[in-house]
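Engineer: 3D, please:
(one chain, ligands or ions: 1)
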Amino acid sequence: MKRVVIVTGASSGLGEAVARQLAAEKVQLILVARRKSALEKVAADLKVTYGVNVLAIPGDVSDPGLAVKAVHAGNEELGRIDGLVNNAGILDPMGKVDQVDPAAWKYNLEVNLLGPFYFMREAMATLRKFRGRVVNVSSGAGVTPMDSWSGYCSSKAGLIHLSRVIALDEPHVVTVSFRPGVVDTEMQDFIRREGSGRMSGERLTYFENLKKEGKLLPPQVPAKAVAWLVLKAPRGLSGDFVPFDDPRIGSLDE
Ligand SMILES: NC(=O)c1ccc[n+]([C@@H]2O[C@H](COP(=O)([O-])OP(=O)(O)OC[C@H]3O[C@@H](n4cnc5c(N)ncnc54)[C@H](OP(=O)(O)O)[C@@H]3O)[C@@H](O)[C@H]2O)c1
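Structural biologist: Take a look at the predicted model:
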């Protein structure tokens, strides 16, 4: 069966790994991120390696027009949309509340919370029609406060709760939020590179040690869980905040 999934933040890290996992399942893809050349490289590689249709739509998810463009491409060029993975996200700004730039704080919410809202809003009519699924990539920081990450924690908490409301409003679309664990991606590089003096030394050392001790998850691990959720999550999971190692997550082969 032909299936089409939108993945935001697919130019690197978890989003790229999700796109790869879905392409291996013969899913056709609409990939979104700001870095045009990195995104197009991922798209070209997936096309050649897996023989699937992949559209690259470069842009910023904080622009509502990007969601319109991506959903239009799904409907017009690929004929349907079965799934949406709202994965694009940023950590900045780090710092105490009177040290952070309000414009950067606002942008964090625009990317991490409004972006998923715009994409769900645009895609919902099609997702309803095809009994689709949404995975909103949140974070443990959405339920556990992390010092100096006020924008990130607030946006990720908002995304968990937004997913619960959408699950209530949309009985024909399974909507979950997702906790990826601590993953070896550019976001972790950013924390180690920029965290000094902008977050507590204790927290920074914790992340540095995870890297040193080889305890960060490879992106492929949570990516498998996301791929299963967006292709197979049952109605009973709708509204839940699902961790990558949730025992309810099944195998893609079943
Ligand atoms: N790594 C972790 O430990 C961890 C833990 C919990 C949750 N998460 C969440 O996992 C998701 C993926 O992050 P990652 O760890 O894979 O880090 P990453 O490698 O930095 O990936 C972030 C992705 O989002 C894209 N992106 C960022 N801002 C964007 C914007 N305004 N518009 C469009 N795309 C944008 C980036 O591409 P461009 O720069 O090309 O736009 C990139 O593809 C994020 O939502 C993050 O909060 C990560």
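Engineer: not counting its neighbours along the chain, what's nearest Ala70?
Structural biologist: Closest residue in space to Ala70, ignoring its immediate chain neighbours: Ile57 at 4.8 Å, by Cβ to Cβ, 6 or more residues apart in numbering. Every residue, glycine included, has its C-beta placed from N, CA and C.
Engineer: right, I mislabeled it, should have said Tyr118
Structural biologist: Ala67 (4.1 Å).
Engineer: enumerate the residues of the protein near the ligand.
Structural biologist: Contact residues (Cβ under 6 Å from any ligand atom) of the chain with the ligand: 8-15, 32-35, 38, 60-62, 87-90, 111, 137, 139, 180, 182-183, 185-188.
Engineer: so which of those residues belong to strands?
Structural biologist: The strands, defined by DSSP state E, take in 8, 32-33, 137 from these.
Engineer: between these, which has the most around it?
Structural biologist: Most neighbours among those, by other Cβ atoms under 10 Å: Val32, with 31 neighbours.
Engineer: residues contacting that residue?
Structural biologist: When contacts are counted by Cβ atoms under 8 Å, 6 or more residues apart in numbering, Val32 touches 6-10, 39, 57-59, 61, 66, 70, 88.
Engineer: switch to 10 Å and redo it
Structural biologist: 6-11, 15, 39, 55-61, 66-67, 69-70, 73, 85-88, 115, 119 (Cβ atoms under 10 Å, 6 or more residues apart in numbering).
Engineer: and what of Arg121?
Structural biologist: With Cβ under 10 Å, 6+ apart, Arg121 has these contacts: 64, 67-68, 71, 114, 166.
Engineer: stretch 209-223: end-to-end distance?
Structural biologist: Terminal residues of stretch 209-223 lie 23 Å apart, using Cα to Cα, to the nearest Å.
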